[in-house]
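Visitor: Sequence below, structure please.
(one chain, ligands or ions: 1)
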Amino acid sequence: MLSVLQLFTHSPLRNFSYIVYSDRSGEAVCIDPYDAKLILTHLKKHGLKLKSILNTHEHNDHVAGNLELKEETKALIYSHPNALGKIPGLDEVLKEGDIAFSHESETLVAWDTPGHTNCHLCFVLKNKTSHKAVFSGDTIFNAGVGNCYRGGNPSTLYNTLKNRFFSIEGETLLYPGHDYWDSNLNFSETMEPDNKEITKIRNLAEAKKETSEFLVSDFSMEKKVNPFFRLEQTTLQNNIREKNKETDFDSEKSYFLGLRRLRDHW
Ligand SMILES: [Fe+2]
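Guide: Numbers count the residues shown, from 1 in each chain. Now for the predicted structure:
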């Protein structure tokens, strides 16, 4: 079985890095290393051998630990083909559907997910029958989605979410690139003040903090509080229309773009 370590760095960006590893073989990959020393400490603690470094995209807060981690472990670095020349130490590219890591019947597969940037991969942990987890980088956050003003495009982001994530199984876990629960739930509340699920999930997230842990959501939880996954809700649609007075709304995509604009200026 493949297991996951979620590693948090107390920077202003509240970064998550991940180690995915095989209990049986002790082999591991690291997704988005930020603090190389933190990763090395956890590899040692769990007796793991790092095979690969996987970057979801080219932004510095997702690749900052690349070179030090590569130097210490000799692991190769993999990312999106469009990231060549943009990511320090990048050795190999992964295209849509390529397998980044596997153990027995479980695989970690690259999905080409442009929008936050045009070099963005999500890594999806699958077994034979289902999608167990998504490492979403800056494509999807808890109760939010990524912005698009550093190399991305909101229309492309909508297409990625619609085609790949709006109908993914509710049980699929979400492992984002940052902990943005607090700010995103606050924004959700401004858009849907009567949504009682927001308070419930905020309380769950707060309870986790007491043990220095983080609430890991799944897509069914996201559908309760993530406004970008709730575009059919009447209250939300009314608020998006009201706050974007100059724009016509005639499709799910238009509401998505209106909501993304509001979040950009919130
Ligand atoms: Fe980013």
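Visitor: Contacts only, for Ser52.
Guide: Contacts of Ser52 were listed using C-beta atoms under 8 Å, 6 or more residues apart in numbering, and they are 29-30, 75-78, 100-101. (Glycine included, C-beta is placed from N, CA and C.)
Visitor: And Leu236, by the same measure?
Guide: The contact partners of Leu236, taken as C-beta under 8 Å, 6+ apart, are 191-192, 227, 230, 255, 259.
Visitor: The same query, at a cut-off of 6 Å, please.
Guide: Taking C-beta atoms under 6 Å, 6 or more residues apart in numbering as the contact definition, Leu236 lies against 191-192, 227, 230.
Visitor: before we move on, back to that, make a ChimeraX selection of the buried ones in the contacts of Ser52.
Guide: Selection of the buried residues among the contacts of Ser52 in ChimeraX, burial being defined by 16 or more other C-beta atoms under 10 Å:
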select :29,30,75,77,78,100,101
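Visitor: if we can go back for a sec, tell me the one of the contacts of Leu236 nearest the ion?
Guide: Sorting these by distance to the ion puts Pro227 at the head of the list, at 20.0 Å, by C-beta to the ion.
Visitor: Alpha carbons only: can I get the helix or strand hosting Thr156 in CSV?
Guide: Per DSSP states H and E, Thr156 falls inside helix 154-160. As requested, C-alpha coordinates have been extracted for helix 154-160 and formatted as CSV (Å, rounded to 0.1, in the frame of the first residue of the first chain):
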residue,chain,number,x,y,z
PRO,A,154,-9.1,31.3,-15.3
SER,A,155,-11.0,29.9,-18.3
THR,A,156,-8.5,27.1,-18.6
LEU,A,157,-8.7,26.5,-14.9
TYR,A,158,-12.5,26.1,-15.2
ASN,A,159,-12.1,23.6,-18.0
THR,A,160,-9.6,21.6,-15.9
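Visitor: And the next helix or strand past that helix?
Guide: Later in the chain than helix 154-160, the nearest helix or strand by DSSP H and E is strand 173-176.
Visitor: Direction included, what does that following strand pair up with?
Guide: Each strand paired with strand 173-176, and its direction, by DSSP bridges: strand 131-137 (parallel), strand 217-218 (antiparallel).
Visitor: Which residues does Gly137 form beta bridges with?
Guide: For Gly137, the residues forming beta bridges with it (DSSP bridges) are Pro176.
Visitor: Also Leu121?
Guide: In this structure, Leu121 bridges to Asp112 when assessed by DSSP bridges.
Visitor: Isn't it up against Pro114?
Guide: No: the pair Leu121 / Pro114 is not scored as a contact, 9.4 Å apart, by C-beta atoms under 6 Å.
Visitor: Among those two, which residue is more densely surrounded?
Guide: With neighbours defined as other C-beta atoms under 10 Å, Leu121 and Pro114 compare such that Leu121 has more, 32 against 21.
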